[in-house]
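J.: sequence and predicted structure are below.
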Amino acid sequence: MSESKLKPEELAGNIKYEPKEKDWLDPSVEFKHGVFNYSGIPKNVEYLQQPNPRKWQPTDKDWQLPENWKQIILEGLRDRLHRFRSLQIFMDICVRCGACADKCHFFLGSGDPKNMPVLRAELLRSVYRNDFTLASKLFGKFSGSRELTVDVIKEWFYYFFQCTQCRRCSVFCPYGIDTAEITLLVRELLNLIGINIDWIITPVANSFRTGNHLGIQPHGFKDSIDFAVDELEQITGIKVDAPINKKGAEILFITPSADYFGTPHYYTLLGYLALFHEIGLDYTWSSYASEGGNFGSFISHDLMKSLNAKIYAEAKRLGVKWILGGECGHMWRVIHQYMDTLNGPADFLEVPVSPVTGTRFENTRSTKMVHICEFTADLIKNNKIKLDKSRNDHRKITFHDSCNPARALGLIEEPRYIIKNVCNNFFEMPENTIKEQTFCCGSGSGLGTDENFEMRMRGGLPRANAVKFVKEKHGVNFLGCICAIDKATLPPLIDYWVGGVDVGGVHELVGNALIMNGEKERTTDLRGEPFSE
Amino acid sequence: MNIIFSLLTIAVLIVLAVLGAGTIKLDFLFGIIFPYAAVSVFIVGIISRVIKWAKSPVPFHIPTVAGQQKSLPWIKSSKLESPSSTPGVIGRMALEILLFRSLFRNTKSGLIDGQKLVYGSSKYLWLGAILFHWSLLVIFLRHFRLFMQPVPSFVLMLQNIDGFFQIGVPELYVTDILITAALLYLIYRRLADAKLRYISLASDYFPLFLILSIAATGILMRYFYRIDILKIKEFAVGLFSFHPSVPQGIGILFYIHLFLVCVLVSYFPFSKLLHMAGIFLTPTRNLANNSRMKRHVNPWNRPVRVHTYDEYEDEFRDKMEDSGLPVEKSNSLERN
Ligand code: HEM
Ligand code: SF4
Ligand code: SF4
């Protein structure tokens, strides 16, 4: 399949923020290659026991929906209005003030008016008004209502898979209307009639079966951890211990699986291994719960729960005291805001206490899972690790706040504190593009596929633009982040729009700077690149 | 189209008032029935809507935070933007409701040379919104001088502040100017900005025009076509104390004003004006960012299919053992 080969200038050249006068109630969309994702393969839809497995693609004319699809959607909507106050309120109170309109990276990168968060929500609201309110009966089309048709369903598919659930719009909305919530619920509805995408369905099926989204089986998992241990030994001269499925360890460590199979994630893994060894942490990996990321959270609350269940189950089986979590964005949204509710209470665990500093992580006293940045910041503050900042002198670093840690946790200062303690050159991007206002990588929530390349580049434009700004101003050559999807999708994004900036995790930087007891004379960073003089 | 539809609706409403109260003298209907009916619809409508909202549970703890979390004691947390306690949440909500905090964050994005994205601060919407809402509140409260005898002292105080400049006779209320200006601006921006033109429905123009018409008739009565304020007060106090009597010779302008208010009040529970109530209940703002400190319970937490460890080990046991991973139930004895 051909993907968009537009050059950056061409892609950005025709973006306009002034939509032409047109009635948006018209649902027609065109599925051009490069701006949508392929459908879930039937085998995996079936494996997950999800509705209507079949071979189909969005470009097909006939989507082979079940005969009573309309009834399923409307009943599904009614059911969700009753189960989610958020949805009910968000359907009723938007004043269409437009404050959210130009806050979405997909609108900024495409100029498509239906990518304004308010309009994305209106795509559903128009149907809600038609079937669930009095207004449509009194005022007809003037109330902005429309009949649910197959074309509306296609339009939903197109635009609700052009939202990365980043929640930037929600920060600016005077009522906190959260389009991510609406998107998740519409995707749930679509999934009821068998409409989904493969880069969600297949990772969910893999995670369900093997524990991780890449489908790596236990022995493969062990191999890759062992391989990392060897590689770390070559760099530092120290052979670290990395136990897997160890009963009775104090701490269970969960991180996204890309950390041990993807680059540049891998260097962050080396950083974790070095750090845990250096502080003598009694911890274990798990092959059963070998995925922190939760692709279920991109499509339904039930699948989110079903994958997330493994974390507590494994903590219980292994008899650990508490759980530590690695660098990941949406994984942390699920852990922070959903896990305890879905699969708690975690009364078989203890309130996390750092075995090194004795700090009690009061902020995690119910969920009992600590973010690695909280953990490491505490180590540094208490002077428990030796760091040589100059080992990152070949890096001029900026930091990309991932959407979820920033807007669900408020994890903003911890990573910055760590970065400032492991390097000498740190530069912030412009304030409208960081912290709670951070821009998404453009590829989150299952949209990071090759076939969706053009839309990803569009969605990532605001982020790339901010990186370009600090590159030109300060010579930045390293983009730090704490999210597995970022690490996978920012490199092609930056190559496309900016060039010459590497992407990597915060714990990669920690691993570079960490002085390990008994290490050989280090000449390179974890990537094997020489330190600067 | 949407804007024309709204304007036409307003015109029809005004004609109805003129015909009804003026020409065919349905004073009783327009003066007494409609006000009571409108207020009843308002009260019943709002209450049933809020009950409907409240009946749907909040299954998950999903605040959108806009500041540093409370984590390690030496990291300063943002008590209002990312509150971890109830007082913090109350503070955050108060900022939202009284000062439109989030709207204050508003920016305007632009693309320079097709390459460079820029973001400028943009406070006009916030300013227009604040002036409009606060003026509306003050004007609403000032009306109590008509409804109550003796006039409550806070109303007198408000009147004094509002009439601070002491210009003209009768003295000019600042809020009358502000609300008109703010409404004109809010209408203007819907027409001037292509994005807003695109999203605006008839139900967005309608309340703006309606409130503007109410304000305009009010201003006409106060400053230009003086009406008999004593008669109106007598009528209003009567309505307010449930001893209504049909007023005589008040003039058509007053009926138009009153009728439009009735329309606004009864339209309220069926429209986006519900945001007044909804803002208190929105779960992205009214929950504390203490998701990992306190367990949030979902009343309908559904059972789902899970892949248990035992099922997993059954499928992969041999591979696990071969690679030296510990297992719960070993196969190796049988296999040897
Ligand atoms: C707790 C009380 C209220 C709060 C916190 C509140 C807040 C807001 C906010 C933040 C906006 C968005 C900004 C804007 O578009 O102006 C808005 C819009 C609006 N509000 Fe309110 N509001 C309240 C009560 C009311 C009442 C009582 C009315 C009228 C009867 C009203 C009428 C409107 C209208 C017509 C708009 C849309 C303005 C436009 O289209 O540009 N509000 N409100
Ligand atoms: S900011 Fe909120 S109220 Fe305003 S248009 Fe967007 S979703 Fe609607
Ligand atoms: S959640 Fe993010 S991607 Fe989705 S509409 Fe809002 S700003 Fe756009």
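T.: Sure, I can see it. Numbers count the residues shown, from 1 in each chain, chains lettered A, B, ... in the order given. Ligands and ions are numbered 1, 2, ... in the order given.

J.: the nearest residue to A:C373 once chain neighbours are set aside - how many residues pack around it?
T.: Leaving aside its sequence neighbours, A:C373 sits nearest to A:E414 (CB to CB, 6 or more residues apart in numbering or on different chains; 4.1 Å). Using the backbone N, CA and C atoms, a C-beta is placed for each residue, glycine as well. Other residues within reach of A:E414 by the criterion other CB atoms under 10 Å in any protein chain shown amount to 26.

J.: B:V118 should be in a helix, yeah?
T.: No. Residue assignment for B:V118, taken from DSSP: H, G, I helix; E, B strand; the rest coil, gives strand, which places it outside any helix.

J.: quick check: the residue lying closest to it once chain neighbours are set aside vs A:L74, distance?
T.: Excluding the flanking residues, the one nearest B:V118 by CB to CB, 6+ apart is B:G110, at 5.2 Å. From B:G110 across to A:L74, the span is 41 Å (CB to CB, to the nearest Å).

J.: mind checking what secondary structure the residue nearest to B:V118 has?
T.: The assignment at B:G110 comes out as strand when based on three-state DSSP.

J.: that one and B:L212, how far apart?
T.: Plainly put, B:G110 is 30 Å away from B:L212 if you go by CB to CB.

J.: do A:V171 as well
T.: Note on A:V171: its distance to B:L212, by CB to CB, is 31 Å.

J.: tell me which of these two has more neighbours.
T.: Neighbour totals were compared for A:V171 and B:L212, and A:V171 leads with 24 against 19 (other CB under 10 Å).

J.: do I have it right that the more buried one meets A:Q437?
T.: Yes. Proximity of A:V171 to A:Q437 meets the contact threshold set by CB atoms under 8 Å, at 6.6 Å.

J.: show me whatever sits in contact with both of the two.
T.: Taking CB atoms under 8 Å, 6 or more residues apart in numbering or on different chains as the contact criterion, the common neighbours of A:V171 and A:Q437 are B:R105.

J.: for A:V503, give me the backbone phi and psi.
T.: Backbone geometry at A:V503, expressed as degrees, to the nearest 10, gives phi -120, psi 140.

J.: hey, what's it bridged with?
T.: Per DSSP bridges, the residues bridged to A:V503 are A:L479.

J.: so who does it touch?
T.: So A:V503 contacts A:P264, A:F478, A:L479, A:C481, A:D486, A:K487, A:L490, A:P491, A:I494 (CB under 8 Å, 6+ apart).

J.: show me what the lowest-mean-pLDDT helix or strand in chain A is packed up against.
T.: Each helix and strand of chain A was given a mean pLDDT (mean pLDDT, DSSP states H and E); the minimum falls on helix A:135-139 at a mean of 78. Contact partners of helix A:135-139 among helices and strands, from 3 or more CB pairs under 8 Å, 6 or more residues apart in numbering or on different chains; DSSP states H and E: helix A:117-132, helix B:202-219.

J.: you'd agree A:L509 is up against A:I397?
T.: Yes. Under the contact definition of CB under 8 Å, A:L509 touches A:I397, with a separation of 7.1 Å.

J.: now do the shared contacts for the two.
T.: In contact with both A:L509 and A:I397: A:I419, A:C423, A:G480, using CB under 8 Å, 6+ apart.

J.: do you have the strands of the chain handy? List them.
T.: Unless you meant another one, I'm taking chain A. A:251-254, A:283-284, A:322-325, A:369-371, A:397-399, A:478-481, A:502-505 (DSSP state E).

J.: chain B is the one I meant
T.: Read by DSSP E, chain B holds these strands, from start to end of the chain: B:107-112, B:116-121.

J.: now do the first one: everything it contacts.
T.: With contact meaning CB under 8 Å, 6+ apart, strand B:107-112 is reached by A:12, A:15, A:17, A:102-103, A:108, A:172, A:432, B:117-122.

J.: which one (most neighbours) among the residues you listed?
T.: Busiest of the contacts of strand B:107-112 [other CB under 10 Å] is A:K103, holding 29 neighbours.

J.: does A:G215 touch A:R209 like I think?
T.: Yes. The criterion here is CB under 8 Å, and A:G215 meets it with A:R209 at 7.1 Å.
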